[in-house]
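K.L.:
I need the structure of the sequence given here:
(chains A, B, C and D)
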Number of protein chains: 2
Amino acid sequence: MSRAPNPQLRQALVATAAEVFAEQGLDRARVSDITDRAGTSKGAFYLYFESKEALYLQVARAFLQDLLAHLRAYDDEACSLGAMGPAEERTQELDEKFCAFLWGRRLELRMVLEGAAGTELAYLADEFLDSVVHHMREDIARNVRAHPPLAQVIDAEFGAMMAAGIVYMYARQIIRATTPPDMARQVTRFRQHVLVALCQSLPPTLDASLVAAPLEAKP
Amino acid sequence: MSRAPNPQLRQALVATAAEVFAEQGLDRARVSDITDRAGTSKGAFYLYFESKEALYLQVARAFLQDLLAHLRAYDDEACSLGAMGPAEERTQELDEKFCAFLWGRRLELRMVLEGAAGTELAYLADEFLDSVVHHMREDIARNVRAHPPLAQVIDAEFGAMMAAGIVYMYARQIIRATTPPDMARQVTRFRQHVLVALCQSLPPTLDASLVAAPLEAKP
DNA sequence: ACCTGAACACCGTTCAAGT
DNA sequence: ACCTGAACACCGTTCAAGT
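P.N.:
Residues are numbered from 1 along each chain as shown, chains lettered A, B, ... in the order given. Sure thing, here's the model as predicted:
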């Protein structure tokens, strides 16, 4: 059961499980792989967890919680799609922080995005991507509210999906890499190029204010 | 074995397998699910296929072959990142054709992108995405060769990855949808906006030629 | 010849028995 | 109390026996 009496062993099982699950996925990981590495018996596993799936879910959920916290922190800053000029350094810093977070949690990232596909927990990957899409949609919408002409060139739904696609492709790199890929710079650079360009392509009367002044942080 | 004598039954097994595999993934699909639906015995399965995995691989490979053919056909047209003006209608037509292809093969799409994750066949998803990335990289590179200043604003590697991310997110929609999502229009619209904007943001001396004239089809 | 289904191996889960 | 490992169920694969 969940409240079993040996917290050391319990913790050892959780830590070992993250490794084994990330390596093998939910279905291929053997309970005995976990218990062997943690130095206990198969039977003991069920003193601490209801099932293999239950432990998988627990580890994945903890990660998704932290992801949400990260995205919300991101939202609280002036990390706006249209942010340029003085705000841009800060934006890049936030991009780097997010990338570092994913890298630091790459075992769980793999569990969520790949290890549960084709199982009852397949929805974990959806939760991850939906969170990112949601965050991006809000981010774009906020900027469009601040600068309505942007609506002419940015479709929030599509833009959010595109951004989530970039995050996903980056996550795949992380999952397979042995040394942290540096992508934050590319992302920031892309955002800058595209958005400077988009702003410049807006009706001339709006050009100056959009390009010259960075968007404000939300109030 | 592969050359077993009842082609009808063999074909029935292949067709049924695609359904069962797409629904349940490689590990959760039971051989008996397939043989029951195809109206034969578990034992018969092994007269036709070496293993469950071998059949999975066969179905997935056929799909990836067709995907490659599609991407190459795409390359043979003037479906250039920078294509605008008269070429744009044709570009949209090609986008729609590609989307229709994925929709028509959504069972296999699901098998490749999700059903094999966490198994020995996980590399199928990599093959899918790598094909798309490769195609996109070539497409961008070809356009940069035709119009060198584009190199200042488009990083081929990053652009290709972004495009593959969009394809992936679209594929997820397809996999979950019950009616074909219309995304070709969004894609074409996005490409148009961003690229018009990017071209306009190039050094003034180059503006006119890039925006006024569509890029040529490759020679 | 082609097919069937009982038998075997593997692994998640349970539980009677040990310490 | 807490843990172990034999036992059971499930499913991929094999194979001796049927038609």
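
K.L.:
tell me the SS of the residue nearest the centre of chain A?
P.N.:
Residue closest to the average C-alpha location in chain A (C-alpha atoms, centre = their mean): A:Leu67, at 5.6 Å. Under DSSP: H, G, I helix; E, B strand; the rest coil, A:Leu67 falls in the helix class.

K.L.:
now do the contacts for the nearest residue to it once chain neighbours are set aside.
P.N.:
Nearest residue to A:Leu67, sequence neighbours excluded (C-beta to C-beta, 6 or more residues apart in numbering or on different chains): A:Ser131, at 6.1 Å. (C-beta placed from N, C-alpha, C; glycine too.) Counting by C-beta atoms under 8 Å, 6 or more residues apart in numbering or on different chains, A:Ser131 makes contact with A:Leu64, A:Leu67, A:Leu68, A:Leu71.

K.L.:
quick check: the first one touching A:Leu109?
P.N.:
Read that as A:Leu64. No: between A:Leu64 and A:Leu109 there is no contact under C-beta atoms under 8 Å: 10.3 Å.

K.L.:
of those two, who's got more company?
P.N.:
A:Leu109 (23 against 15; other C-beta atoms under 10 Å in any protein chain shown).

K.L.:
where's the more buried one, which helix or strand?
P.N.:
Taking DSSP states H and E as the criterion, A:Leu109 maps to helix A:106-110.

K.L.:
averaged pLDDT, that helix. What do you get?
P.N.:
The pLDDT scores in helix A:106-110 average 98.

K.L.:
please enumerate residues in contact with it?
P.N.:
Residues contacting helix A:106-110 (C-beta under 8 Å, 6+ apart): A:Ala18, A:Glu19, A:Phe21, A:Ala22, A:Val59, A:Ala60, A:Ala62, A:Phe63, A:Leu102, A:Ala171, A:Ile174, A:Ile175.

K.L.:
from chain A, which residue is nearest to DNA strand D?
P.N.:
Going by C-beta to the nearest atom of the strand, DNA strand D is nearest to A:Gly43 of chain A, at 1.9 Å.

K.L.:
which non-adjacent residue is nearest A:Phe182?
P.N.:
If you look again at residue A:182, you'll see it is Asp, not Phe. Distance criterion C-beta to C-beta, 6+ apart; nearest residue to A:Asp182, sequence neighbours excluded, is A:Cys99 at 7.9 Å.

K.L.:
can I get whichever helix or strand that neighbour is part of as CSV, trimmed to CA atoms?
P.N.:
Applying DSSP H and E as the criterion places A:Cys99 in helix A:86-104. Once non-C-alpha atoms are left out, helix A:86-104 reads as follows in CSV (Å, rounded to 0.1, in the frame of the first residue of the first chain):
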residue,chain,number,x,y,z
PRO,A,86,15.4,45.5,-24.0
ALA,A,87,13.0,42.7,-23.1
GLU,A,88,14.7,40.3,-25.4
GLU,A,89,17.6,39.3,-23.2
ARG,A,90,15.1,38.4,-20.4
THR,A,91,13.1,36.3,-22.9
GLN,A,92,16.2,34.4,-23.9
GLU,A,93,17.0,33.8,-20.3
LEU,A,94,13.5,32.3,-19.7
ASP,A,95,13.9,30.1,-22.8
GLU,A,96,17.1,28.8,-21.5
LYS,A,97,15.6,28.1,-18.1
PHE,A,98,12.8,26.1,-19.6
CYS,A,99,15.3,24.1,-21.8
ALA,A,100,17.4,23.5,-18.7
PHE,A,101,14.3,22.3,-16.8
LEU,A,102,13.5,19.8,-19.5
TRP,A,103,17.1,18.6,-19.7
GLY,A,104,17.2,18.1,-15.9
